[in-house]
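*Asks:* Structure here, sequence nowhere to be found:
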């Protein structure tokens, strides 16, 4: 019965949109970066509505079938930490990254399904400093002892991230040719950062002091050279939450085997790193890193590329 099938799609879309509504409400209640779940939920619900209408209009009278399969994916493209520095003298350049994953999808019928998986993705970027940072040294009684000026000259920092990722989403597919189908999917992306590190590739840092007891005299300190393989780890959060979108084509070569290619986008909406309020370089000459300083408030992960 075609009408019975249409009514079942109606109930299915209601169920899925209810899940989206709950996620949006939870995001608003939590607040902060989680509030982005509300507009994401609106988009997903709207897409489900449009897909439900298109499926009903094109619903064949013949019986549809369920299917499931495993997939192995290799992806690559622009995969970078995304952030906005506070000072215009600190710049950010996106990098190239990649990832591998395995997945499982189950389709309830010819068009609609759900899927999940597990993988690891690598993100890269370059941060550059060409500005002057000012700080103060305080004594035990919180009185200023000296003013510190830190000058960054072509200071370049390579930033590398690694994250385990679990996508949980809904999928839509439609046959468009002989053994070929179009597939679109989207949903939540749960992440577990497993690596966050910086490497200095070039540049110099020069610090100078002006003592409060003798403000007319400038005391220079040692220069930090970027050629000395300066590097360090960044304090990361235990888990992140974001969303993903996939668009691509399946080509089945024979029963049970096929190939896929398409575009993907991933965005980690929650902050990957623990926020810091310290300077890039402490007054005592200890380098903290651009992403572990007060120059950056939020660090998210963004990926757009080919799978």
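*Replies:* On my side now, so go ahead. The structure presented is a predicted model; accordingly, all values stated were derived computationally and were not measured.
*Asks:* does residue 275 count as helix, strand or coil?
*Replies:* Secondary structure state of residue 275, per DSSP: H, G, I helix; E, B strand; the rest coil, is coil.
*Asks:* Now for it: which residues touch it?
*Replies:* The contact partners of residue 275, taken as Cβ atoms under 8 Å, 6 or more residues apart in numbering, are 297, 298. C-betas here are computed from N, CA, C, even on glycine.
*Asks:* Which secondary structure element of this protein has the lowest mean pLDDT?
*Replies:* Ranked by mean pLDDT, DSSP states H and E, the weakest helix or strand in the chain is strand 218-225, scoring a mean of 54.
*Asks:* neighbours of residue 265, just the number please.
*Replies:* Using other Cβ atoms under 10 Å, residue 265 has 16 neighbouring residues.
*Asks:* bridging residues for it?
*Replies:* Bridge pairing for residue 265 (DSSP bridges) gives the partners residue 245, residue 304.
*Asks:* which ones are touching it?
*Replies:* Residue 265 neighbours (Cβ under 8 Å, 6+ apart): 244, 245, 303, 304.
*Asks:* Buried ones in whatever helix or strand residue 151 lives in, by neighbour count?
*Replies:* Using DSSP states H and E, residue 151 sits in strand 144-177. If you call a residue buried by 16 or more other Cβ atoms under 10 Å, then strand 144-177 has these buried ones: 146-152, 155-165, 167, 169-173.
*Asks:* Ok, stretch 242-250 next?
*Replies:* Neighbour counts over stretch 242-250 (16+ other Cβ under 10 Å) mark 242, 243, 244, 245, 246, 248, 250 as buried.
*Asks:* who are the neighbours in contact with the last one?
*Replies:* Neighbour list for residue 250: 173, 180, 181, 182, 183, 258, 259, 260 [criterion: Cβ under 8 Å, 6+ apart].
*Asks:* Likewise for the third one?
*Replies:* Residues touching residue 244, when contacts are defined by Cβ under 8 Å, 6+ apart, comprise 167, 169, 185, 186, 187, 188, 189, 264, 265, 266, 267.
*Asks:* still on that earlier bit, any chance of the contacts of residue 250 in TSV, plus pLDDT, secondary structure and distance to residue 275?
*Replies:* Shown next, in TSV, are these (pLDDT from 0 to 100; DSSP: H, G, I helix; E, B strand; the rest coil; distance: Cβ to Cβ, whole Å):
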residue	pLDDT	secondary structure	distance to residue 275
173	91	strand	41
180	87	strand	47
181	89	strand	44
182	92	strand	42
183	93	strand	38
258	87	strand	45
259	90	strand	43
260	91	strand	38
